[in-house]
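Enquirer: Structure of the sequence below:
(chains A and B)
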Number of protein chains: 2
Amino acid sequence: VNDAYVYINGAIVEASRATVSVSDRGFLFGDGLFETMRVDGGVIHMLGRHLRRLSEGATILEIDLPSDDELRGALKQTLEANGADQCIARLTVTRGEGGGPGATPLSPTIVVSLRPLLQERNRSNHTALVTLSTPHLPSVTPTRIKTLSSLGFVLAAREVTRRDADEGALLTTDGLVAEGSVSNIFIIEGGMLRTAPLSLGVLPGIARGRVLELARTLGLEVLEQPFTVERLRRADECFYTNAARGVVPVGSVDGVGLGGTRGHAERFREAYFAEIANEVL
Amino acid sequence: VNDAYVYINGAIVEASRATVSVSDRGFLFGDGLFETMRVDGGVIHMLGRHLRRLSEGATILEIDLPSDDELRGALKQTLEANGADQCIARLTVTRGEGGGPGATPLSPTIVVSLRPLLQERNRSNHTALVTLSTPHLPSVTPTRIKTLSSLGFVLAAREVTRRDADEGALLTTDGLVAEGSVSNIFIIEGGMLRTAPLSLGVLPGIARGRVLELARTLGLEVLEQPFTVERLRRADECFYTNAARGVVPVGSVDGVGLGGTRGHAERFREAYFAEIANEVL
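Expert: Down below sits the predicted model:
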């Protein structure tokens, strides 16, 4: 196992003894942030981007984040203690312990834990995306940040499991496709790449950002514009992205196969993982 | 101090050792529920109603809640261990440990912790309510439940503190008064009592429910109907309610004193606390 040890506030402890106080505001109120990162060959993919997003979230929440060096050190210690080569690393930061809802504790809680990188179900072109009845809510912050108050996404993910799908699309009350339960969603139509804009309250996914950059390399025009669920179902191709799984081409939407050849989605997937391989070497 | 001991999953432990796993889903995702209850004379006020609301939330989230008897026992043990007479008791229930966002652990985590009942700042008729810029978001569930994913309310409470007010009103994007950062909000106009309906996504507060019943006894007509921020400012009287503080008459809204005599609000406050005294005796 490569998840036997956990980092908590400067110390490496056995996972079975890795605890936080019941008065930690992460536990009391979901008052904190997290990042989920992919580790390959012992290297954390796009670490700088993850730390930048975390820092932006901490600024918005007014959480006094440790320095990048300290956070990088915490991640490095955890990977080394576990001898971890390929896994998912989660960095959690809370506002600290105590206080009523509005209080400002002095010292944030920092936790790093690992979990295995599950082998993807190889459903080849059968990867099933469904549209969810769990609603997409606007973000309480000006742009969405990755907070511990993520029950809405838990309920979405539970609906995906219940419906035996691979991922689910959260829709706004206007019927627009916002994001997945654990991903951002892209469609390709007429050779153009489209994904919901951040102004719709979607998480600025790290993989999402990288895919938008790769589109230029691959010569596709990008439209960060809302699209309806009808348009999702009519798309030539569709894929979803997250830091753990990279780019995942979709075979069907709500049980109906997409019409296209999946050539673009596969090219995004290849380009994305080629880059991971480069970063590792 | 009467908060030295905490109940966790069947055991009473010292508060300094009261911890949960970093893989508890309350900590990872805000995946759980809580109730905050007022204790006077060693008696938990309106316990049955709190447990009923918790149970309704657990049904919606599909969390396998222990029996009412077990929960009552946990609360009783905690009060006895602390020799607690007057305090706030918090009952926290999470889905348990582990899993990805959509997973279903088998065994929920149950925590009971106490905190002192702070003496209310005696601002007499100076209690200041302000309207907040932190937005009121719709609930992800059909009716709002009291979940651990409460960062939106934390941000609201922090705005209240920053503005040196006593409570803040969260407004919908349509400019309607939804609820307070830690309370429900009522206005009185022309001898009628008005508060936002649950369909606006406001928490079904236990004190809110009791006040609606008391209105009948006090002979006031009740309208559970939305009202705008302008209407709040023009109201004859205003008060807010929660389980910890009961009924709190408001002196000013956004710095401007309300016109009325506060006679109705004071009557609600007296009737509410008379009942607490009865329950204790």
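Enquirer: Identify the residues contacting the spatially closest residue to residue A:44 that is not a sequence neighbour.
Expert: Spatial nearest neighbour of residue A:44, excluding adjacent residues (C-beta to C-beta, 6 or more residues apart in numbering or on different chains): residue A:37 at 5.0 Å. Backbone N, C-alpha and C define where each C-beta goes, glycine included. Contacts for residue A:37 (C-beta atoms under 8 Å, 6 or more residues apart in numbering or on different chains) come out as A:44-47, A:50, A:75, A:88-91, A:243.
Enquirer: In this structure residue A:179 contacts residue A:185, no?
Expert: Yes - counting by C-beta atoms under 8 Å, residue A:179 does reach residue A:185; the two are 6.1 Å apart.
Enquirer: what is in contact with those two at once?
Expert: Joint contacts of residue A:179 and residue A:185 (C-beta under 8 Å, 6+ apart) are A:169, A:196.
Enquirer: Can you tell me how far the residue nearest to residue A:42 when sequence neighbours are not counted is from residue A:38?
Expert: Excluding its sequence neighbours, the residue lying closest to residue A:42 (C-beta to C-beta, 6+ apart) is residue A:85, at 5.3 Å. For residue A:85, the distance to residue A:38 equals 12 Å [C-beta to C-beta, to the nearest Å].
Enquirer: low-confidence ranges in the stretch 101-250 of chain A?
Expert: For the stretch 101-250 of chain A, applying pLDDT under 70 flags the ranges A:119-125.
Enquirer: List, one by one, the residues from it near chain B.
Expert: A:101-104, A:111, A:113, A:134-135, A:137-138, A:140-141, A:147-158, A:160-161, A:181-182 (C-beta under 8 Å from any C-beta of the partner chain).
Enquirer: which of those residues count as buried?
Expert: Listed as buried from these are A:101-103, A:111, A:113, A:134-135, A:137, A:140-141, A:147-158, A:160, A:181-182; burial here means 16 or more other C-beta atoms under 10 Å in any protein chain shown.
Enquirer: Rounded mean pLDDT for the longest helix along chain A, please.
Expert: Longest among the helix segments of chain A by residue count, using DSSP state H, is helix A:263-280. The average pLDDT within helix A:263-280 is 88.
Enquirer: next one: stretch A:26-33
Expert: Throughout stretch A:26-33, pLDDT has a mean value of 98.
Enquirer: okay, how far is it across it, tip to tip?
Expert: Stretch A:26-33 has its terminal residues 9 Å apart, counting by C-alpha to C-alpha, to the nearest Å.
Enquirer: residues making contact with that stretch?
Expert: With C-beta under 8 Å, 6+ apart, stretch A:26-33 has contacts from A:20-22, A:25, A:54, A:57-58, A:61, A:63, A:92-95, A:101, A:108-109, A:145-151, B:20, B:24, B:26-27, B:29-30, B:34, B:92, B:147-151, B:153-154.
Enquirer: again, only this time at 6 Å
Expert: A:25, A:54, A:57, A:93-95, A:146-149, B:26-27, B:30, B:148-151, B:154 (C-beta atoms under 6 Å, 6 or more residues apart in numbering or on different chains).
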